[in-house]
Every structure is written in C-alpha cells, then in structure tokens.
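Peer 1: generate coordinates for the sequence data below:
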Amino acid sequence: MTHFVRRQHRRLVASAVAAAALTGCGSFQAYEGPRLPSAARALIHADPAFSAGLPVQVILRKVDDREVPVNRATVAVEPGRHQLIVDCRHAETGASTRFVIDAEVEAGSAYRLEAEATGRGCEAVTLRPR
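Peer 2: Numbers count the residues shown, from 1 in each chain. Predicted coordinates:
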C-alpha cells in the first residue's frame, strides 16, 4: 500500500468516524403519541462506524412502516415485535447491502445493530442487547 493510499484510507476512516459522531443527536420516536418514559420504551442504536474491525456504516432506514431520518442513529420504539430495514455500507469497497431484521424488544432496554463484515462487504447485521 503506497503512502498516498494509506493517507486516503485514514482520511476516509476519519470522515466516517466524524460523520458518525455528528449523526444521531437525540432519538427518533418511531411510534404514535406522546414520548414514553425510558422505562416504557426501548432504544435501538445503529453501529455507525466500525464493526468487526472494518470501516462499515450501519444505517437504520425503517422501523415497521416509519422511515428513519438519515441523521438519526438512535430510534425509540414501543416494546414488542418490530421489523427493521437496515443498510450496511462498506467504506472501502462502497458496497451496500440491505437487511430485514425481525426483532422483539423489551421496555427499558437498549439494543445495538452490529455488522458482521469481511474485507469485501457486510455479511449480516444483528440486533444485540447493549
């Protein structure tokens, strides 16, 4: 790897980390009605920068029938079953893969979407307790 390529790679990684830090300020409410107290809702966090030691970005696109704004990395949901539409973008290759995740979440809990990635792209995205 040449010096120029390494420098470009570092800039790409630094940009991904900076973008991740700027996104998701506050959570997106993916349910009707007034805001629920933290003990009565669950939070789902996207894994914005790195998974499996590789630069990947996990973007939560949809919860059930609600589109999630691209500037939100955290979503508040009611407890129960939800369908999540998630994109996993590999920074080095530019490859993007969409995943559908059916999940059951509990009130008062927090979860994290994590990518399983290789050097070529995203193999899977899973929802894990945080």
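
Peer 1: can you give me the strands in this structure?
Peer 2: Along the chain, the stretches classed as strands by DSSP state E are 28-29, 42-45, 50-51, 54-63, 66-67, 74-77, 80-90, 96-105, 110-117, 122-129.

Peer 1: list the helices and strands the second one packs on?
Peer 2: Strand 42-45 sits against strand 74-77, strand 110-117, with contacts defined as 3 or more C-beta pairs under 8 Å, 6 or more residues apart in numbering; DSSP states H and E. Just so you know, the C-beta spots here come from the backbone N, C-alpha and C atoms, and that holds for glycine as well.

Peer 1: got a markdown table for the strands of the chain, with mean pLDDT, mean neighbour count and distance to L36 too?
Peer 2: Formatted as a markdown table, these follow (pLDDT from 0 to 100; neighbours: other C-beta atoms under 10 Å; distance: least, C-beta to C-beta, whole Å):
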| stretch | mean pLDDT | mean neighbour count | distance to L36 |
| --- | --- | --- | --- |
| strand 28-29 | 96 | 18 | 8 |
| strand 42-45 | 97 | 22 | 10 |
| strand 50-51 | 54 | 20 | 29 |
| strand 54-63 | 89 | 22 | 15 |
| strand 66-67 | 97 | 13 | 15 |
| strand 74-77 | 98 | 22 | 7 |
| strand 80-90 | 95 | 18 | 12 |
| strand 96-105 | 96 | 14 | 13 |
| strand 110-117 | 91 | 20 | 14 |
| strand 122-129 | 93 | 16 | 19 |
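
Peer 1: what is V77 paired to in the beta sheet?
Peer 2: Counting by DSSP bridges, V77 is bridged to A42.

Peer 1: save the helices and strands packed on strand 42-45 as a markdown table, and put in distance to Q57 too.
Peer 2: Conversion of the helices and strands packed on strand 42-45 to a markdown table gives the following (distance: least, C-beta to C-beta, whole Å):
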| stretch | distance to Q57 |
| --- | --- |
| strand 74-77 | 15 |
| strand 110-117 | 8 |
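
Peer 1: I101 is nearest to which of these?
Peer 2: strand 110-117 (7.7 Å; C-beta to C-beta).
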